[in-house]
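Enquirer: Dropping a prediction and its sequence here:
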Amino acid sequence: MIEEIEELIKKKKYKKLKEELAKINNFDLAELIEDLKRDEAIKVFSIMEKDKAAEVFTNLPIEIEAELISVLTDKEAVALLNEMYADDAADLVEEMKTLVENTDKKDLKKVIEEIPID
């Protein structure tokens, strides 16, 4: 499955990719995102339907959630948080707050980029 997804990304067949992602259950899709390279994971996440993305998002490790939310626009991030269950959204916000508090502002981007997603 991962090879097929990687191939669709490589060939920029995003319509077909979106169709294939819709067929995969949320737990398997979360595992798939964990196994992809960082840039591929971001593409997959951004291509998914927003309600599905929110459900998949809550099945990801917090480190990957932080990585993905860091590349979203403010509007997209708010929309995603609004789709999440309140306790999941609160957990993510707390994790992001802790990350910011424990990091110099200038180093925050570097820390987020170093979060392993592959």
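Expert: Yep, that arrived.

Enquirer: so where's the protein uncertain?
Expert: By pLDDT under 70, the low-scoring segments of the chain are 85, 89, 93, 95-118.

Enquirer: residue nearest the centroid of it?
Expert: Centroid check for the chain by CA atoms, centre = their mean gives residue 68 as the closest residue, at 3.8 Å.

Enquirer: wait, it sits on residue 44?
Expert: No: contact criterion CB atoms under 8 Å: residue 68 and residue 44 do not qualify, at 9.8 Å. No exception for glycine: its C-beta is placed from N, CA and C like everyone else's.

Enquirer: how about the helices in this structure?
Expert: 2-10, 14-23, 26-35, 38-47, 50-57, 62-70, 74-83, 86-101, 105-113 (DSSP state H).

Enquirer: Show me what the second one is packed against.
Expert: Secondary structure elements in contact with helix 14-23, counted by 3 or more CB pairs under 8 Å, 6 or more residues apart in numbering; DSSP states H and E, are helix 2-10, helix 38-47.

Enquirer: winner for burial among the ones you listed?
Expert: Ranked by mean neighbour count, these are led by helix 38-47 with a mean of 18 (mean count of other CB atoms under 10 Å).

Enquirer: Return the list of helices and strands in contact with that helix.
Expert: By 3+ CB pairs under 8 Å, 6+ apart, helix 38-47 packs against helix 2-10, helix 14-23, helix 26-35, helix 50-57, helix 62-70.

Enquirer: That concludes my questions; thank you for your assistance.
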